[in-house]
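Q: what's the 3D shape of this:
(chains A, B, C and D)
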There are 2 protein chains.
Amino acid sequence: MPRRRSEQPAKTASLKDVALRAGVDPSTVSRVLRGDDRKPAKAATRDRVLRIAQEMGYRPNSVARSLRTRRTEAIGLIIPDAANPGFAEIFRGVQSVTDAAGWHVIVVEDRHDHRQELGWDRLVLEGRVDGVLVLTATIRDPIARRVSDSGFPIVLVNRRSNGVPGSVVMNDAKGSEVAVSHFVSLGHRHIAHVAGPSDVDTGRRRLAGFRDAMKKYGIPVREEWIVETNYTEAGGTAAGHALLARTGNDMPTAIYCASFLSGIGLVKVLKEAGYQVPQDISVIVSDELTLAAHTSPPLTTIRMHLSRMGEVGARMLLDRLAGKPVSAVVIPEVPELVVRGSTAPPKKEAPARGRMPARATHQPSK
Amino acid sequence: MPRRRSEQPAKTASLKDVALRAGVDPSTVSRVLRGDDRKPAKAATRDRVLRIAQEMGYRPNSVARSLRTRRTEAIGLIIPDAANPGFAEIFRGVQSVTDAAGWHVIVVEDRHDHRQELGWDRLVLEGRVDGVLVLTATIRDPIARRVSDSGFPIVLVNRRSNGVPGSVVMNDAKGSEVAVSHFVSLGHRHIAHVAGPSDVDTGRRRLAGFRDAMKKYGIPVREEWIVETNYTEAGGTAAGHALLARTGNDMPTAIYCASFLSGIGLVKVLKEAGYQVPQDISVIVSDELTLAAHTSPPLTTIRMHLSRMGEVGARMLLDRLAGKPVSAVVIPEVPELVVRGSTAPPKKEAPARGRMPARATHQPSK
DNA sequence: GCGAGGATTTCAACCGCTTGCGGATGACGC
DNA sequence: GCGTCATCCGCAAGCGGTTGAAATCCTCGC
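A: I've put the predicted structure just below:
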């Protein structure tokens, strides 16, 4: 068991060591290894240096290099909640571009309890990363704003925030329209929306898109059927209860829910209250995830191209670090409907339009 | 819009700047700020330095510090697949201890396609992190072995590997026993196991635990009912098909599946083949995740305390970096059964024991 | 009043790599 | 034969901290 020889970290070869063995100056080794063509070496010495570096298994020390070049070739990824499966999708996209570029990603979960300092701004203040991808920003986010104003490269992903120029989002409004459109085509006219938080951009835009779509189809929006909540399962549960409490038996026949996780919570509450999905109430949730196919019932979703958004965001950040300016982009991919088992025509559609008390067939158990 | 003043990175104050303003030597500032008590400063100068540093918003440059101290205060977290929700759990645990310690985590997804180099050993070879937490190691993993042998701090999480002394796993065998025990108590005697890969530790130990438990209950193991696959949904699908192909109509009445994701795939195939879960076949999957409550049917699971494992692993790595030796630990929390809707008594249990062809009521559609 | 000895603080080297600048070497044209 | 110019390579100065050794300053005992 060769566990002996390795008490201290094995002292890796440095640039100087290689230079010594190759009989040249460290600077020459550095230039050769980096392929610095502003100062090419003679073919002979280049080959020799290359060979020796190879033999010695030399690897440049990234810390020293970073100190000198003032670049870490690492970015920060600030996420709200690792347990949200949507994050994994975005991370995928990010990783694919950072990987290709040879960059590293420091992931930090930003629990909002310790607002002010000690969160992720340590990352930027202490110079550990060259830029950050922020998935947590609210519409007026003081920290994001401060960091951005300081000139530090920052790109928001799936978020926009006041005064932060770099961001990538998707066409949330279109997603809402697709959802409403599907409901309408099934014959629904009693449509509710479980919205995201009003202080985050996606929440607002999905809601706005919902309102626009309803108007487009000539359906009045019932304000008591708009309930705001956060993007967690508990949030969905709360929203479900709120909806039940507000409306009594006058429930909508269809609900567009602004996030997958809250959709899970929502459906649970509906079922507990005695409503069947989709027979009594149809549900569409935002964000297509593989798990959606396996829930009960399988969820009809709006595919939001999360990993694409991660890619584009990472790309923008890297470009920014190469000198290009950032901008607010909306990824071109349009949200698509994925039909599964949580949507169906309404049970008994009333003959005309007009407002009518929805069926009272089911006495909510709660 | 104050976007102007910030064209270049705002030139943060350095140690020297603070020293200049405070009228002392940089080294003094350094010692004061670090609270280096081996060489305490006079109270007056200490206060002055502290105040001025505060005023100037000084933050030490972590790169420079790392170069000198040879510590990055960052660790690498090597994961197989960000889309696996179990990872998020482990990450949670890891983050909770690194956060408390003020350390950072570089997450890299180790797609095994580019085996040999360019994977995560760049992280260690180029000195970006002080240690790594590896969630991907196989039983005889050449890279993990090499890194470990070089003396680089490495701790495996949910994995063990030949020649790598630091690891934390849970009591997988016990999990299998709990599962089998539950099946038996429901009256099952035709029990299959969809195992993890035989080249990863957890796969082997869950399988071994399964065999032991079967023996304990005096039930012979049917080898054609043991199918090995990986921890993905596709793996579960494949396993399901394999099981159907191998056994024809002689299917088991209960299956213990070694992972959540493969369980999802397995159940899907079973349903497609016309088997109802749990009426025809009961299923227990390993790893308790919140999603398990919402699948169709809700899955009976074995809670594996993943986040705890993450905590313990991170703790061990940090301790190792502080000089303590590592070891192979099994976390004390025992796997617990979480009963949901995917398990039930077998439909019609044969009168006695002995081997009998299972019901042929269902003609698998495939 | 003076030297000892501890308390404070400064000096300077160094971590490993990058890079502007200048020196050495050699080829070439006249 | 010599100046000119390319080409190739070494020197040395950092990047921004940390840290052992040395210097300076006080305080105290006699």
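Q: the nearest residue to A:Gly263 once chain neighbours are set aside: what secondary structure?
A: By the measure of C-beta to C-beta, 6 or more residues apart in numbering or on different chains, the closest residue to A:Gly263 outside its immediate chain neighbours is A:Val285, 3.2 Å from it. Backbone N, C-alpha and C define where each C-beta goes, glycine included. Taken by DSSP: H, G, I helix; E, B strand; the rest coil, the conformation at A:Val285 corresponds to strand.
Q: send the alpha carbons of the helix-or-strand element of chain A with minimal mean pLDDT over as PDB?
A: Every helix and strand in chain A was compared by mean pLDDT, DSSP states H and E; the lowest is helix A:121-125, with a mean of 89. C-alpha atoms of helix A:121-125 as PDB (Å, rounded to 0.1, in the frame of the first residue of the first chain):
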ATOM      1  CA  ASP A 121     -20.200  39.600  -2.300                       C
ATOM      2  CA  ARG A 122     -17.200  38.100  -0.500                       C
ATOM      3  CA  LEU A 123     -16.600  36.300  -3.800                       C
ATOM      4  CA  VAL A 124     -16.300  39.500  -5.700                       C
ATOM      5  CA  LEU A 125     -14.700  41.700  -3.000                       C
END
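Q: low-scoring stretches of chain A, by residue?
A: In the predicted model, chain A carries pLDDT under 70 at residues A:1-10, A:112-118, A:348-366.
Q: where do the strands sit along it?
A: Applying DSSP state E to chain A gives strands spanning A:74-79, A:104-109, A:131-134, A:154-157, A:167-169, A:191-195, A:226-228, A:254-257, A:282-286, A:300-303, A:328-330, A:336-338.
Q: could these go into JSON lines alongside distance to DNA strand D and mean neighbour count?
A: Formatted as JSON lines, those follow (distance: least, C-beta to the nearest atom of the strand, whole Å; neighbours: other C-beta atoms under 10 Å in any protein chain shown):
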{"stretch": "strand A:74-79", "distance to DNA strand D": "17", "mean neighbour count": "24"}
{"stretch": "strand A:104-109", "distance to DNA strand D": "19", "mean neighbour count": "22"}
{"stretch": "strand A:131-134", "distance to DNA strand D": "18", "mean neighbour count": "26"}
{"stretch": "strand A:154-157", "distance to DNA strand D": "20", "mean neighbour count": "28"}
{"stretch": "strand A:167-169", "distance to DNA strand D": "29", "mean neighbour count": "24"}
{"stretch": "strand A:191-195", "distance to DNA strand D": "45", "mean neighbour count": "26"}
{"stretch": "strand A:226-228", "distance to DNA strand D": "44", "mean neighbour count": "19"}
{"stretch": "strand A:254-257", "distance to DNA strand D": "48", "mean neighbour count": "30"}
{"stretch": "strand A:282-286", "distance to DNA strand D": "44", "mean neighbour count": "27"}
{"stretch": "strand A:300-303", "distance to DNA strand D": "46", "mean neighbour count": "25"}
{"stretch": "strand A:328-330", "distance to DNA strand D": "31", "mean neighbour count": "16"}
{"stretch": "strand A:336-338", "distance to DNA strand D": "48", "mean neighbour count": "15"}
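Q: domain-wise, how is chain A divided?
A: A:5-60, A:69-169+A:307-332, A:172-299 (automatic domain parsing).
Q: what about the longest one, start to end distance?
A: In this case it means domain A:172-299. One end of domain A:172-299 to the other measures 18 Å (C-alpha to C-alpha, to the nearest Å).
Q: so how far is it from its chain's centroid?
A: Domain A:172-299 has its C-alpha centroid displaced from the chain centroid by 20 Å (C-alpha atoms, centre = their mean, to the nearest Å).
Q: go on, the shortest one?
A: Here domain A:5-60 shows a centroid-to-chain-centroid distance of 41 Å under the convention C-alpha atoms, centre = their mean.
Q: any part of it near DNA strand C?
A: Yes. Interface with DNA strand C: domain A:5-60 contributes A:14-16, A:26-27, A:30-31, A:33-34, A:36, A:38-39, A:58, A:60 (C-beta under 7 Å from any atom of the strand).
Q: the residue nearest to A:Gly263 touches A:Thr295, doesn't it?
A: No. Counting by C-beta atoms under 8 Å, A:Val285 does not reach A:Thr295; the two are 9.4 Å apart.
Q: just the buried residues out of the residues of domain A:5-60 next to DNA strand C, in PyMOL syntax.
A: A single PyMOL command is used to select the members of the residues of domain A:5-60 next to DNA strand C judged buried by 16 or more other C-beta atoms under 10 Å in any protein chain shown:
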select buried, chain A and resi 14+15+30+31+33+58+60
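Q: what two of the residues of domain A:5-60 next to DNA strand C are the furthest from one another?
A: Comparing all pairs in these by C-beta to C-beta, the longest separation belongs to A:Ser14 and A:Arg38, at 23.3 Å.
Q: mind jotting down where the helices sit in chain A?
A: A:15-22, A:26-34, A:43-56, A:62-69, A:85-101, A:121-125, A:142-149, A:172-186, A:201-216, A:233-247, A:260-272, A:306-321 (DSSP state H).
Q: and the second one with helix A:43-56, angle?
A: Direction vectors for helix A:26-34 and helix A:43-56, defined by axes from the mean of the first three to the mean of the last three C-alpha atoms, to 10 degrees, enclose an angle of 80 degrees.
Q: other SSEs contacting helix A:26-34?
A: Here helix A:26-34 touches helix A:15-22, helix A:43-56, going by 3 or more C-beta pairs under 8 Å, 6 or more residues apart in numbering or on different chains; DSSP states H and E.
Q: okay, angle between that helix and helix A:62-69 too, please.
A: Calculated by the same axes, to 10 degrees, helix A:26-34 forms an angle of 100 degrees with helix A:62-69.
Q: is DNA strand D contacted by helix A:26-34?
A: Yes. Helix A:26-34 reaches DNA strand D (C-beta under 7 Å from any atom of the strand) through A:Pro26, A:Ser27, A:Thr28.
Q: joint contacts of A:Val285 and A:Thr295?
A: A:Ile264 (C-beta atoms under 8 Å, 6 or more residues apart in numbering or on different chains).
Q: residues from chain A in reach of DNA strand C?
A: Contact residues (C-beta under 7 Å from any atom of the strand) of chain A with DNA strand C: A:14-16, A:26-27, A:30-31, A:33-34, A:36, A:38-39, A:58, A:60-61, A:64-65, A:67-69.
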